[in-house]
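Asks: sequence first, predicted model second:
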Amino acid sequence: MHAQVPVLIIIGPVGIGKSSTADALSEVLEYDHGLPHAVVDLDHVRRGFPPPQDDPFNKELGFNNLAAVWSNYRSHGAKCLIIPSVMESQEDLNKIRRSVPGAELFLVRLVASLDVNHARIRGREKTAESLNWHLRRSTQLAAELAVKKLEHVVVDAETKPPSEIAREIIRKWGIAEWHGSMGKGS
């Protein structure tokens with residue numbers, strides 16, 4: 001039997017602010033709550049080239065790396081995990097459960113208007129090809145995720161800074177209360 005591991009998965013279309021929100025969450029958990037945690041951005045741990053033809057987003061590499069990285073974080077005292085990533089299916093969520101034994105998933109979907117989302121993408125992409133791909137992908141994912149409703153809660157990321165979004169997510173996730181009930185030394 002594995003110990004319970006609260007896992008927050010921040011989902012949403014590309015460019016919505018998942019990574020910025022994860023960074024802000026990490027800071028709030030560290031400085032406001034003293035909660036040992038880890039952040040694993042699946043985009044980073046699946047970055048490899050070339051991807052297999054049958055897995056163009058390197059998802060399997062990401063899930064395998066997540067398992068290895070989480071094991072290391074856990075052995076160094078992490079009590080919970082934050083994963084910013086595009087999650088498109090229950091199958092993806094099941095792979096996270098296999099990668100993180102004892103995972104208790106809580107999904108938050110960040111939303112903003114396409115105009116705001118696209119403005120953020122325009123501010124970060126360096127080439128026309130990358131910009132066009134990300135604009136198309138964000139539009140597709142926003143519509144797809146709204147229909148699939150994989151999340152437990154939706155958080156508006158249109159106008160709030162990441163630190164405010166992080167505090168809202170922590171309240172909705174209930175992680176501070178969970179940590180308090182476990183005792184800071186557990």
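Replies: Structure's in. What do you need? Since this is a predicted model, take the numbers as computed values, not measurements.
Asks: same for the strand ranked longest in the chain, what does it pack against?
Replies: Scanning the chain for the longest strand, with DSSP state E as the assignment, gives strand 103-111. Using 3 or more Cβ pairs under 8 Å, 6 or more residues apart in numbering; DSSP states H and E, the elements in contact with strand 103-111 are strand 5-11, helix 90-99, helix 128-148, strand 153-156, helix 162-173. Glycine gets a C-beta too; all of them are placed from N, C-alpha and C.
Asks: 6 Å instead, please
Replies: With contacts defined as 3 or more Cβ pairs under 6 Å, 6 or more residues apart in numbering; DSSP states H and E, the packing partners of strand 103-111 are strand 5-11, strand 153-156.
Asks: can you pull the buried residues of it?
Replies: 103, 105-111 (16 or more other Cβ atoms under 10 Å).
Asks: now do that strand, average pLDDT.
Replies: For strand 103-111, mean pLDDT is 98.
Asks: give me the contacts around it.
Replies: Strand 103-111 is touched from outside by 4-12, 16-17, 97, 145, 150-157, 169, 173, with contacts defined as Cβ atoms under 6 Å, 6 or more residues apart in numbering.
Asks: returning to that earlier point: minimum distance to Asp23: which of the helices and strands packed on strand 103-111 has it?
Replies: strand 5-11 (10.7 Å; Cβ to Cβ).
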